[in-house]
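**Q** How does the following fold in three dimensions:
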Amino acid sequence: METADKSHASVLNRPSLVLNKSWMPVHVTIARRAICLVYRGVAKIVCTEFQVHDLWAWIALNAESAEIAGGCIRAPERRFPAPEVIQLLSYDKVPSYAAPFSRRNLFQRDAHTCQYCGKRFPTDRLSIDHVLPRSRGGHTSWDNCVLACVRCNSTKGDRDLKSTGLSLLRPPRPPRWTPYLNLRPSEWLDSWSPFTTGYDRRSATGS
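**A** This next block holds a predicted model:
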């Protein structure tokens, strides 16, 4: 019984993408909160076919499949899958697409991957490298900072890139994901892809 309760709690905590009424992503919440919004009538559940349903229509639509699918939300005499995408019915604001420069966001942009050798490392084995060193006029910005492992950072030192023999995996640039989507892009669900085109969705390996 305890295992079943934990499984149900896990389903309720799954991520759910929140769209505004213009179909633009504005936030990521959890399934529990998404269901509450739909129940209150301020949002509807979105299917992959861009159809929207209220809670009762969603339950009826999945009446048969929910019985055999794993990871369903259980209610008295009903089971239904957790909503992965919902649309707010009156909210039409547009989120900011500019992620602020910060250490945390830089690690997310570069996916914990050294931008010189291409290998992933734990946080404590990576440092922030200025492509053009600050001693040579380089700025601390999206366009001049990358993650570097201890070995590559030591090899580069305080020299400009051309004189080191190193090369970048890709030119550093500001990421296009919005901070309102509060998950790593590699953690986004496949069902979100029709609504997140144009965002930065790199894999965990930084590819």
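**Q** The helix or strand encompassing residue 105 - contacts with which helices or strands?
**A** Using DSSP states H and E, residue 105 maps to helix 103-109. Applying 3 or more CB pairs under 8 Å, 6 or more residues apart in numbering; DSSP states H and E, one finds that helix 103-109 contacts strand 126-130, strand 145-149. Yep, even glycine has a C-beta here, placed from its N, CA and C like the rest.
**Q** would you turn those strands into a markdown table with mean neighbour count?
**A** A markdown table is the format used below for those (neighbours: other CB atoms under 10 Å):
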| stretch | mean neighbour count |
| --- | --- |
| strand 126-130 | 19 |
| strand 145-149 | 24 |
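**Q** Let me know which of the ones you listed is the nearest to residue 119.
**A** strand 145-149 (6.5 Å; CB to CB).
**Q** Now do that closest one and strand 126-130, the angle between them.
**A** Compare the direction of strand 145-149 with that of strand 126-130 by axes from the mean of the first three to the mean of the last three CA atoms, to 10 degrees and you get 140 degrees.
**Q** which other residues reach strand 145-149?
**A** 101, 106-107, 110, 112-117, 119, 121, 125-131, 156, 168, 172 (CB atoms under 8 Å, 6 or more residues apart in numbering).
**Q** From residue 114, how far off is residue 138?
**A** Taking CB to CB, to the nearest Å as the measure, residue 138 falls 18 Å from residue 114.
**Q** higher neighbour count, those two?
**A** More crowded of residue 138 and residue 114, by other CB atoms under 10 Å: residue 114, with 24 against 16.
**Q** The more buried one against residue 121, yeah?
**A** Yes: here residue 114 lies in contact with residue 121, judged by CB atoms under 8 Å, at a distance of 6.4 Å.
**Q** all helices for this protein, in order.
**A** 2-12, 31-39, 55-61, 65-68, 103-109, 150-156 (DSSP state H).
**Q** out of the ones you listed, nearest to residue 83?
**A** Of all the helices of the chain, helix 31-39 comes closest under CB to CB, at 5.0 Å.
**Q** Which other helices and strands does that closest one contact?
**A** On a contact count with 3+ CB pairs under 8 Å, 6+ apart, helix 31-39 meets helix 2-12, strand 15-19, strand 43-46, helix 55-61, strand 85-88.
**Q** Report the mean confidence score over it.
**A** Mean pLDDT, computed over helix 31-39, is 94.
**Q** For that helix, which outside residues touch it?
**A** 11-16, 18, 29, 43-45, 54-55, 58, 73, 82-83, 86, 88.
**Q** Thanks again, I'm all set now.
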